[in-house]
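# compute the structure for the input listed below.
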Amino acid sequence: MTDATLNPSRSLNPFSGLMSGTVGPVTVVVLAIIAIWYIAAVALNTPFQRDIYERGGQTDIALTQMVSDTLFQERPVLPAPHQVIVEIWDTTVNKNITSKRSLVYHTGITLSSTLLGFLIGTTLGILLAIGIVHSRVLDKSMMPWIISSQTIPILAIAPMIIVVLNAIGISGLLPKALISTYLSFFPVAVGMVKGLRSPEVIHMDLMHTYSATRFQAFWKLRLPYAVPYLFTSMKIGMAASLVGAIVGELPTGAVAGLGARLLAGSYYGQTVQIWSALLMAAFLAGALVALIGVLEKLSLNRMGMAR
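Sure thing, here's the model as predicted:
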């Protein structure tokens, strides 16, 4: 007997197989977001479009004409999805990569500070976690400060970091990277502390039974247990690092980077430019997190810990 005979509901519902995976639900959510976006664009752009009609002396405008006009305004309150896609296409494909009007150029500037800040933050977080796990003094003294450091709003501390570093002659990539470091080290440090402390007591006792040194216990037991926690923390840290890089570009009046695009768009009322930069930042964050996910899968497979 076939599966369809044994389970008639499967043959009667052709969408069950599609929705059981990842692609189906994600597609449904994306389509729902796009539909809501279009509805919101029409609702928010309609008042301004009515003002245009009144100033032009136009009356008795058909509903379909008004909806069409609201979706193609030059400076809309909320740009429609197709306007943002056209802007992204124009500033990526139709512009030279080295041009300052290219979104690829600005993305590269932000990416460089993001990766540098993430590298510093991840290294700092791992070292702090190792010290906290192996030293009770560091655990009691450092952990409260690490946690309390994240209560300071990044929008308040970013200008101070930029101003102080500029005062001592440090500008450019490093100040933005340090802001990314500030945001990215915390999830890595907390996640690694949790991971390094995750081995069961019986396994730690077994290492003591074999007279293993602290380094051997760390390398052969604690670190393998902490790897899944590390990659999960790195995904959060990478997204936070990107946010830090963009925020670091805002108070400096930067002329390059996604933050600069957001700033310029807000100055001149170019909402399409703002939304294209936001979407590019989202795509960049998704790509970086997906890359970490691939590295996680490869590492866990190599260690025999695939889930």
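# got the contact list for stretch 149-169?
Counting by Cβ atoms under 8 Å, 6 or more residues apart in numbering, the neighbours of stretch 149-169 from elsewhere in the structure are 171, 174-175, 178-179, 182-183, 186, 243-244, 247-248, 250-252. No exception for glycine: its C-beta is placed from N, CA and C like everyone else's.
# how much space separates the residue nearest to the spatial centre of the chain from A156?
When the chain is reduced to its mean C-alpha position, the closest residue under Cα atoms, centre = their mean turns out to be A239, at 3.2 Å. From A239 across to A156, the span is 20 Å (Cβ to Cβ, to the nearest Å).
# do you know how far V77 is from Q49?
Remark: distance between V77 and Q49 (Cβ to Cβ) = 10 Å.
# neighbour-wise, which of those two wins?
More neighbours sit around Q49 than around the other of V77 and Q49, counting by other Cβ atoms under 10 Å; the figures are 22 against 17.
# element containing S141, please.
Secondary structure from DSSP states H and E places S141 in helix 136-149.
# helix or strand next in line after that helix, which one?
helix 154-167.
# toward the C-terminus, what is the element adjacent to that following helix?
Following the chain from helix 154-167 toward its C-terminal end, the next helix or strand by DSSP H and E is helix 173-196.
# let me see the mean pLDDT of that next one.
The predicted model assigns helix 173-196 a mean pLDDT of 89.
# now tell me what touches whatever helix or strand comes next after it from outside.
Going down the chain from helix 173-196, the next helix or strand is helix 201-209, by DSSP H and E. Outside helix 201-209, the residues that touch it by Cβ under 8 Å, 6+ apart are 216-217, 220-221.
# list the buried residues of the helix or strand following helix 201-209.
Scanning forward in sequence from helix 201-209 by DSSP H and E, the next helix or strand is helix 214-217. By 16 or more other Cβ atoms under 10 Å, the buried positions in helix 214-217 come out as A217.
# return helix 214-217 as PDB; C-alpha atoms alone will do.
The C-alpha atoms that make up helix 214-217 are tabulated as PDB, following Å, rounded to 0.1, in the frame of the first residue of the first chain:
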ATOM      1  CA  ARG A 214      43.400  22.400  33.800                       C
ATOM      2  CA  PHE A 215      44.600  23.000  30.300                       C
ATOM      3  CA  GLN A 216      43.700  19.400  29.300                       C
ATOM      4  CA  ALA A 217      40.300  19.700  30.900                       C
END
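# list of residues touching it?
Taking Cβ under 8 Å, 6+ apart as the rule, helix 214-217 contacts 134, 204, 207.
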